[in-house]
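**Q** sequence below, structure please.
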Amino acid sequence: MTTLDELASDIDERERHVAGIKPDNEARIVFGAGVPHERQPLSVVYLHGFTASQAEGAPAHRTIARACAAHLFLNRLTGHGTDEPAAMAGASPERWRGDADAALEIGLRLGEKIVLVCTSMGASLALDLAVRRPDAVAAVVAWSPGIRVHDPEQLRAAVLLQGAVVPPGERSPFQRRYWSSVVHSDGYRAIARLFIEWMRPERLGSIVCPVFFGIWDGGEGDRDTLTSVAAMREAFAWLGTAPSRRRLVAYDHAAHVLASPERSPAAARVLADSLAFLHDVGVAR
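**A** Numbers count the residues shown, from 1 in each chain. Okay, here's the model as predicted:
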């Protein structure tokens, strides 16, 4: 057993002790097929969004890892992967930043540099990592990056709630399996702070690594209704990355969970464009 096998076993053991965690929502290492269980030039870390889990980016994150000849770490943010009513009690941007930092450190044990693949709030955390750890981040693939919410009034109402909240709307069996069905109101306050305090031009302007933004924006009536399309486009312009090494692609007939074939009709296009970008900037084969 290699040191990385022991690391994977330790993560599995830790996740088994999380109260109420739902099957297949656990954090884990996915070793590359045919890749020695040793540190590689690259690793891939997936950071999921608010209330979500690793399935939000599946199977695209695994395909990207294969293209990079890399091991993959599927992270799980604190309070996620469970329907326990108090799971997100005490949530804060700082706590989730700590989770992202820990995921980065695992990624650095798997590879010399890291490709961050991420969705929504996970992309917010990935961009924050690219600001603070430029030495470690080889590229960011951000799907529906969380910069501001689409409906500020809805978020303002949510942060005034107290205790456990059941999100509105019907959910499919897939969503019930991989997304939180109950959210503690502290989670809404945390995501509001994260966007306002960290997703700012003076911070994102320091990012210089290759960055891909995929967004759902097919025009009026066919665009993201959770995160602000205008804010995503604005944030892309803030980036300090050279124009030749950053790319924004807008998709019609898509969904906020942009890369999931279970949620987004555009998933195949999103994956193909993400892979093409990583190839063009010399990260993927």
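**Q** so which elements touch the longest helix along the chain?
**A** In the chain, with assignment by DSSP state H, the single longest helix is helix 93-110. Counting contacts by 3 or more CB pairs under 8 Å, 6 or more residues apart in numbering; DSSP states H and E, helix 93-110 packs against helix 3-16, strand 40-47, strand 71-74, strand 111-119, helix 121-132, helix 185-198. Backbone N, C-alpha and C define where each C-beta goes, glycine included.
**Q** run through who's touching the last one.
**A** Applying CB atoms under 8 Å, 6 or more residues apart in numbering, the contact partners of helix 185-198 are 50-51, 79, 88-93, 95-96, 121, 124-125, 128, 146-149, 155, 158-159, 161-165.
**Q** my read: residue 209 touches residue 138, true?
**A** Yes. Residue 209 is within contact range of residue 138, at 6.6 Å (criterion: CB atoms under 8 Å).
**Q** roughly how far out does the longest helix of the chain sit from the chain middle?
**A** Relative to its parent chain, helix 93-110 has a centroid offset of 12 Å by CA atoms, centre = their mean, to the nearest Å.
**Q** and that helix, C-alpha only, in PDB?
**A** Below are the C-alpha coordinates for helix 93-110, written out as PDB (Å, rounded to 0.1, in the frame of the first residue of the first chain):
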ATOM      1  CA  PRO A  93     -17.300  31.500   4.400                       C
ATOM      2  CA  GLU A  94     -14.300  30.900   6.600                       C
ATOM      3  CA  ARG A  95     -15.400  27.400   7.300                       C
ATOM      4  CA  TRP A  96     -15.900  26.600   3.700                       C
ATOM      5  CA  ARG A  97     -12.600  28.300   2.800                       C
ATOM      6  CA  GLY A  98     -11.000  25.900   5.300                       C
ATOM      7  CA  ASP A  99     -12.600  23.000   3.500                       C
ATOM      8  CA  ALA A 100     -11.200  24.300   0.200                       C
ATOM      9  CA  ASP A 101      -7.800  24.800   1.700                       C
ATOM     10  CA  ALA A 102      -7.900  21.200   3.000                       C
ATOM     11  CA  ALA A 103      -9.000  19.900  -0.500                       C
ATOM     12  CA  LEU A 104      -6.100  21.800  -2.100                       C
ATOM     13  CA  GLU A 105      -3.600  20.200   0.300                       C
ATOM     14  CA  ILE A 106      -5.000  16.800  -0.600                       C
ATOM     15  CA  GLY A 107      -4.700  17.700  -4.300                       C
ATOM     16  CA  LEU A 108      -1.000  18.700  -3.700                       C
ATOM     17  CA  ARG A 109      -0.400  15.300  -2.300                       C
ATOM     18  CA  LEU A 110      -1.900  13.800  -5.500                       C
END
